[in-house]
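Below is the sequence, then the predicted model.
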Amino acid sequence: MDPRTPGKFSIAIIGILALMLSIGVYLFGSTPTAQAQTEPTPHAHDHSSPAAPSSEEVDLPSQWQELQTQAQHLSMAECMERMTAMMDAMKAKMAAMHSGEHVMDPTMHESMHGPMMEMMDGMMSMAEGMMAEMMALPMSERMEAMPSMMGMMGRMMQMMGMMQKHDSGEMAERMEEKSVDMGMKRRMSGMMGMMGRMMSEEVEYESAASETPAAGADHDHGAATPEATAAAHDHSHGAAVGTAAPTVAAHDHSQGAATATPATHDHGATAPTPPAAEHDHSSAVADDVHAGHHPPIPAQGVSAATETTGGQPLTYTEEDGVKVFELTAKSVRWTILDAADEQAVVTAWSYNGTVPGPMIRVVEGDAVRILLKNELPEATSIHWHGMPVPFAMDGMTVIEPGDSFAYEFTAPAAGTYMYHSHTQTDKQVMVGLYAPFIVDPQEAESNPPVVDVMWMLSEWRVGADGETYPAMPMSGLEPNYFTINGKAYPSVETITVKKGERVRIRLAAIGQFAHPMHLHGMNFRVVGYDGVSLPPAQQMIRSTITVNPGEIVDIEFVADNAGSWMFHCHIPHHLTNDHVEPGGLISIIEVVE
């Protein structure tokens with residue numbers, strides 16, 4: 001075993017216990033006196049946070065404003081340190097507000113709670129960006145940042161618990177509504193899921209680190225050279241041995257952004273990655289990592305796709321009042337980038353030969369039958385994401401190569417859904433087995449938007465050998481292409497509308513990475529989440545919304561500002577094609593007079 005392993009496992013275990021304690025405080029609350037007297041310790045190794053100053057010493061709104069202004073120029077560690085100190089100060093204020101038997105006047109109470117809730121909302125957005133940034137770091141750097149992130153998350157949950165558990169009656173209901181309005185619980189749940197995945201990957205990384213030298217010896221059929229041993233322990237995404245690992249600089253946390261390169265990101269210019277960048281796929285280590293987890297997707301004998309656009313409506317036949325759709329799961333060579341100076345083609349597993357697969361669109365209450373024929377080299381199945389279908393119809397039947405299966409169910413309530421493979425998902429979904437599914441209301445919209453599109457956000461990995469590998473958040477397996485509906489910018493379709501027209505975009509993150517999507521020039525309204533339309537009181541007006549893996553977010557906006565506006569992920573690495581920008585998750589909204 002690697003000599004570092006026991007220490008890292010201890011850190012992970014302590015962190016898990018701290019998070020469990022924090023969740024308990026959040027869910028069940030505690031007495032005001034206990035909160036005031038006891039300072040929680042979210043992480044045994046979190047020494048970065050200074051002691052919380054007294055409530056009289058802190059001008060929190062000014063500090064928060066200053067942090068937002070300076071965030072672009074601070075390192076991730078500095079941002080986390082300052083946010084943690086601010087949350088400690090906020091907790092001190094809350095404890096003072098709730099001390100003893102004193103009950104504040106509701107108006108004064110809300111005047112304190114309201115700004116704190118707004119600050120918490122902003123801090124969560126910043127934390128989401130930093131967590132997404134952590135996912136892109138080399139594992140060794142990610143492990144160093146993990147204790148501070150866990151401590152910060154623990155404080156966030158305790159703050160939310162204190163805000164909601166120490167109030168009663170109408171005030172508690174109003175604060176609960178505000179929390180739901182901002183989507184805090186949903187976002188905290190998403191961050192906890194990402195943290196859990198990073199912790200499990202840390203364990204896998206430590207195990208792999210202890211086994212890699214032996215694997216290298218097997219390949220050499222002899223003693224490993226010092227150079228080979230050094231390469232086997234270099235987990236910085238294949239960086240050349242002897243070169244400095246890349247540093248993370250100029251972090252733009254203000255919109256939940258992340259960057260893994262030190263260059264300034266000007267979307268009007270193309271800047272190649274320096275030779276010592278974090279993804280040097282020429283090393284043997286990267287190839288060994290690929291082969292050890294997933295071999296490449298078989299490309300021999302696979303034909304080029306005959307269609308060039310995915311997610312198009314699928315036609316159906318009707319039998320005895322049942323709408324019948326036909327799908328075939330098969331391999332194709334799919335072009336994700338067809339620019340004048342660069343082309344990229346992947347071996348995709350698809351529904352009906354396109355990525356995404358065809359859109360199934362029905363009306364709520366429709367009787368639906370979907371016939372799936374499997375022409376892949378391995379078994380597959382379909383999960384109807386977000387739809388309450390019968391248990392036996394939800395990916396429970398494994399369909400072997402050459403076999404077929406009929407899925408039958410009644411279309412659920414109107415909303416935005418998707419369908420994807422539910423067998424070997426970390427491979428099959430990552431290489432194209434996904435598609436949109438929209439259920440329209442029985443009564444047609446009286447004023448539908450002029451543009452109504454669904455964007456499926458995904459990631460791809462093309463190796464130095466030209467082969468396609470499933471992309472995932474693991475050292476050596478990170479994506480180097482990012483697509484909207486199976487295309488990377490500039491091959492992503494432009495949306496052109498007239499000034500004053502309404503646009504609806506249904507965003508779905510089908511891969512394994514979070515994407516904070518940011519619109520230039522206009523704000524949008526969040527009108528739906530995971531297939532559920534939001535009432536006006538719960539709709540949010542934003543310019544950036546993070547779409548976590550598996551989430552579907554419906555947004556609408558009126559194109560009231562003429563120009564060519566970018567709509568893009570705010571993690572700069574996700575705006576690259578094989579580490580060269582601009583590319584990836586960028587679309588243009590063309591608003592004409």
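Arrived safely, thanks for sending.

how close does the residue lying closest to residue 134 once chain neighbours are set aside get to residue 87?
Using C-beta to C-beta, 6 or more residues apart in numbering and skipping the chain neighbours, the partner closest in space to residue 134 is residue 142 (5.2 Å). All C-beta spots, glycine's among them, are computed from the backbone N, C-alpha and C. Residue 142 sits 22 Å away from residue 87, going by C-beta to C-beta, to the nearest Å.

related to what we said a few turns ago, and the residue nearest to residue 134, that one's in a helix?
Yes: according to DSSP: H, G, I helix; E, B strand; the rest coil, residue 142 belongs to a helix.

Quick check: it touching residue 199?
No: applying C-beta atoms under 8 Å, one finds residue 142 not in contact with residue 199, separated by 10.3 Å.

Now residue 88: phi and psi?
The phi and psi torsions at residue 88 (degrees, to the nearest 10) take the values phi -60, psi -40.

Now do the host helix or strand of residue 334, average pLDDT.
Assigned by DSSP states H and E, residue 334 belongs to strand 322-338. Across strand 322-338, pLDDT averages out at 98.

So which bits of it are buried?
Neighbour-count burial for strand 322-338, counted by 16 or more other C-beta atoms under 10 Å, picks out 323-332, 334-337.

before we move on, what about stretch 576-593?
For stretch 576-593, burial by neighbour count (16+ other C-beta under 10 Å) applies to 576-579, 581-589, 591.

Then stretch 534-541?
In stretch 534-541, counting by 16+ other C-beta under 10 Å, buried: 534, 538, 539, 540.

Tell me the span between the first and last residue of it.
12 Å (C-alpha to C-alpha, to the nearest Å).

And stretch 383-397, by the same measure?
End to end - C-alpha to C-alpha - stretch 383-397 spans 10 Å.

distance of residue 410 from residue 589?
36 Å.

Quickly list what residue 317 is bridged to.
Taking DSSP bridges as the rule, residue 317 bridges to residue 324.

Any regions of this protein where pLDDT drops low?
Low-confidence segments of the chain (pLDDT under 70): 1-58, 71-72, 94-118, 135-136, 162-187, 189-190, 193, 197, 200-293.

That one: helices as residue ranges?
For the chain, the helices defined by DSSP state H occupy 5-28, 32-37, 60-70, 76-97, 106-135, 139-165, 169-181, 184-220, 226-232, 284-293, 425-428.

could you show me where the strands are in the stretch 451-593 of the chain, in order?
For the stretch 451-593 of the chain, strands defined by DSSP state E, counting those that start in this stretch occupy the ranges 451-462, 468-469, 481-484, 495-498, 502-509, 515-519, 524-529, 532-533, 540-542, 544-547, 552-558, 563-569, 586-592.

Now render the ones you listed as JSON lines, adding distance to residue 366.
Formatted as JSON lines, those follow (distance: least, C-beta to C-beta, whole Å):
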{"stretch": "strand 451-462", "distance to residue 366": "19"}
{"stretch": "strand 468-469", "distance to residue 366": "36"}
{"stretch": "strand 481-484", "distance to residue 366": "28"}
{"stretch": "strand 495-498", "distance to residue 366": "29"}
{"stretch": "strand 502-509", "distance to residue 366": "19"}
{"stretch": "strand 515-519", "distance to residue 366": "31"}
{"stretch": "strand 524-529", "distance to residue 366": "20"}
{"stretch": "strand 532-533", "distance to residue 366": "18"}
{"stretch": "strand 540-542", "distance to residue 366": "31"}
{"stretch": "strand 544-547", "distance to residue 366": "27"}
{"stretch": "strand 552-558", "distance to residue 366": "20"}
{"stretch": "strand 563-569", "distance to residue 366": "32"}
{"stretch": "strand 586-592", "distance to residue 366": "31"}
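
Select, out of those, the one closest to residue 347.
Closest approach to residue 347 among these is made by strand 468-469 (4.3 Å; C-beta to C-beta).
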